[in-house]
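A.B. asks: Turn this into a structure:
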Amino acid sequence: MMPGRRLTILIVEDSALDRMLLATIVSRQGHRVLEACNGLEALALFRLERPDLVLMDAMMPVMDGFEAARRIKACAGETLVPIIFLTSLTESEALVRCLEAGGDDFVAKPYNRVIIEAKINAMDRLRRLQKTVLQQRDLIAKHNEHLLTEQRVAKAVFDKVAHSGCLSAANIRYMQSPYALFNGDLLLAAFKPSGGMHVFLGDFTGHGLPAAIGAMPLAEVFYGLTAKGYSMAEILREMNSKLKRILPVGVFCCATLLNVSFHRRVVEVWNGGLPDGYLYRAASGERVPLVSRHLPLGVRDAATFDDRCEIYPLELGDRLFLLSDGVLEGCNSDGQMFGEERLLAVFAQNQQADQLFAEIQQAIAEFRGEAQDDVSMVEVVLIEEALLNRPALAFSDGGQVSPLDWSASFEFRAQTLRHFNPLPFLLQFLLEVQELRSQAGALYTVLAELYSNALEHGVMGLDSGLKRDAKGFAEYYAQRNQQLASLDQGFVRFHLALVPEAGGGRLTLRVEDSGAGFDPQVAPEPQPGGVNLSGRGLALVRQLAERCSYSADGRSVSVEFSWPAAK
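C.D. replies: Model (predicted):
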């Protein structure tokens, strides 16, 4: 026998002669011997001594070996204590009964020393193997729990970052069903400083933590640039560049980004690799596909990335649906995919637009068995912005006193206008004035509308009257993109003047362009209750600014904001 392999062996035999013979054979092999003359005595000894192996006679008084074996196995629990039955039984049914009672092997009488030694050694190997397996299982379980704990902590941090926007807004409903602890789908939403919101749905390659490695930096870009007033195209470009830099080859993010404007009632859509989303028009029931026309984020380099988007007019009650491929590719117990046809059938059968999201959710739940992918869907509804309960914009305070008596002018010419959005720069510059921050939302909106009018109508000479219906609206933005790409002359100037007053202070903001101007007496007005999609911007400026006036030649617009003295 190998050193260190001395076992404690319990011999259970009602025959004193056979018990003595077995004890002699086993002790000469170097093992420690315990003896019992019936099953009840064996059970008591087992509980007291916890032997490594049991040699059990089948037929005994008081408690037979079958019952004793069952109780010993129950008492041992997960620990493997091999039981070798000692029996003169030869019938197959009797031998099967030994194994069914918990026996691991049996030895026929009369006893053979060589066979007994071989079987003890074999059971010992099995016992030690079981012990090793249990130790490795416990070690794996410990490592797995440690990993899950780390993932839970990481997920808690990630959720606070990823869900720090406005997913709880009154016009958003969503569902996310992760295939793993970390969801490879990423859903983000944030209010823009100039009004409206950005909504992002992304689907990273794979599942779980590997699929979420790009989610944190992507969320950081989304929230950071949205809060600073950057455009949708600029956010997309920065997201793509960051993912291209940090993700390994073969990992990318299929995504759709929406830019929803509640004042102008439009939505810009960029879809790169996700299934078709849908614009559902409440008035007509028309369903407009939001088709993927781009490669996913993180695939192309900055020079070849395409940030062009599609623009659609919206009316109150219109709904935008975005979904990840897990919705369409979810399978039932028969291996059938949910598919686009079933989704469109839910749209077709809908009778109430406000029930559509719940109906799609129910159809998915009823069809799909166990999820095979991360499943995400979001609905965004156009409502009156006053119902959104937007939080106040947050600003850091360095303790410095704001400058309250200054003026500045900026001129942005054609080459800059083609490639650069001056609004974030100007907005951050203005909001260094702490007294303006309480009006930040209105200031952002007005500045954005004035810049848009100066660029589109002044510099490029686009006719706002084109936006009389959905078809004209699409034509207007097609012309805008084409002309902006080839713009080679013109400018937009911003004149900013901040002056202190006895009752507080005043900001005068004048935006001037190189266009031919317009007649201020016939400035376009929106048609109340109509479908005319033009004239909304200037009406909004008049509503939000304290004063609004035009130059005689119609080439500049001035607005004013004021604030009371600090108490």
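
A.B. asks: list the helices and strands the longest helix seen in the chain packs on?
C.D. replies: Across the chain, the longest stretch assigned as helix under DSSP state H is helix 113-162. For helix 113-162, the elements it packs on are helix 16-28, strand 53-57, strand 83-87, strand 105-108, strand 185-191, helix 215-227, judged by 3 or more Cβ pairs under 8 Å, 6 or more residues apart in numbering; DSSP states H and E. Quick note: C-beta positions are derived from backbone N, CA and C, even for glycine.

A.B. asks: Between these, which one is closest to D469.
C.D. replies: Of all these, strand 185-191 sits nearest to D469, with 29.1 Å by Cβ to Cβ.

A.B. asks: Helix or strand with the lowest mean pLDDT in this structure?
C.D. replies: One helix or strand of the chain scores below all others by mean pLDDT, DSSP states H and E: helix 208-211, with a mean of 63.

A.B. asks: Can you name the residues that contact A76?
C.D. replies: Under the criterion of Cβ atoms under 8 Å, 6 or more residues apart in numbering, A76 has no contact partners.

A.B. asks: Please report how far it lies from V54.
C.D. replies: Remark: distance between A76 and V54 (Cβ to Cβ, to the nearest Å) = 10 Å.

A.B. asks: which residues of the stretch 401-550 of the chain score low on pLDDT?
C.D. replies: Applying pLDDT under 70 to the stretch 401-550 of the chain flags the ranges 401-403, 519-536.

A.B. asks: all strands of it, in order?
C.D. replies: 406-413, 491-501, 504-513, 547-550 (DSSP state E, counting those that start in this stretch).

A.B. asks: Comparing those strands, which stretch has the densest surroundings?
C.D. replies: Mean neighbours per residue, mean count of other Cβ atoms under 10 Å, is largest over the strands of the stretch 401-550 of the chain for strand 504-513, with a mean of 20.

A.B. asks: what's it packed up against?
C.D. replies: Checking 3+ Cβ pairs under 8 Å, 6+ apart, strand 504-513 ends up next to helix 440-453, strand 491-501, strand 556-564.

A.B. asks: Distance check, R6 against L21.
C.D. replies: Distance from R6 to L21, by Cβ to Cβ: 20 Å.

A.B. asks: can you check L247 too?
C.D. replies: For L247, the distance to L21 equals 73 Å [Cβ to Cβ].

A.B. asks: what about the two, which has more around it?
C.D. replies: L247 (20 against 16; other Cβ atoms under 10 Å).

A.B. asks: List the contacts of that one.
C.D. replies: Applying Cβ under 8 Å, 6+ apart, the residues contacting L247 are I213, G214, C253, G298.

A.B. asks: do S562 as well
C.D. replies: Shown in contact with S562 (Cβ under 8 Å, 6+ apart): E501, G503, G504, G505, R506, L507, E546.

A.B. asks: what do you get for I11?
C.D. replies: Neighbouring residues of I11 by Cβ under 8 Å, 6+ apart: R19, L22, A23, V26, V33, L34, E35, A36, L55.

A.B. asks: so which of those residues is the most crowded?
C.D. replies: Highest neighbour count within these, by other Cβ under 10 Å: L55, with 29 neighbours.

A.B. asks: wait, is V96 part of a strand?
C.D. replies: No. V96 is assigned helix when assessed by DSSP: H, G, I helix; E, B strand; the rest coil, not a strand.

A.B. asks: quick one: the helices in the stretch 301-450 of the chain?
C.D. replies: Counting by DSSP state H, counting those that start in this stretch, the stretch 301-450 of the chain has helices at residues 325-329, 339-349, 356-367, 414-419, 423-430, 440-453.

A.B. asks: so of these, which one's packed in deepest?
C.D. replies: Per-stretch averages of neighbours, counted by mean count of other Cβ under 10 Å, single out helix 440-453 among those, with a mean of 23.

A.B. asks: residues making contact with that helix?
C.D. replies: Applying Cβ under 8 Å, 6+ apart, the contact partners of helix 440-453 are 192-195, 229, 263, 390, 393, 422-423, 426-427, 430-431, 436, 492, 507, 509, 511, 537-538, 540-541, 544-545, 557, 559, 561.

A.B. asks: Now list the buried members of these.
C.D. replies: Buried by 16 or more other Cβ atoms under 10 Å: 192-195, 229, 263, 422-423, 426-427, 430-431, 436, 492, 507, 509, 511, 537-538, 540-541, 544-545, 557, 559, 561, out of the contacts of helix 440-453.

A.B. asks: residues touching the residue sitting nearest the centre point of the chain, list them.
C.D. replies: The centre of the chain sits closest to L186, judged by Cα atoms, centre = their mean, with a distance of 3.0 Å. Listed by Cβ under 8 Å, 6+ apart, the contact set of L186 reads A162, F200, L201, G202, D203, F204, A212, A215, L218, A219, C253.
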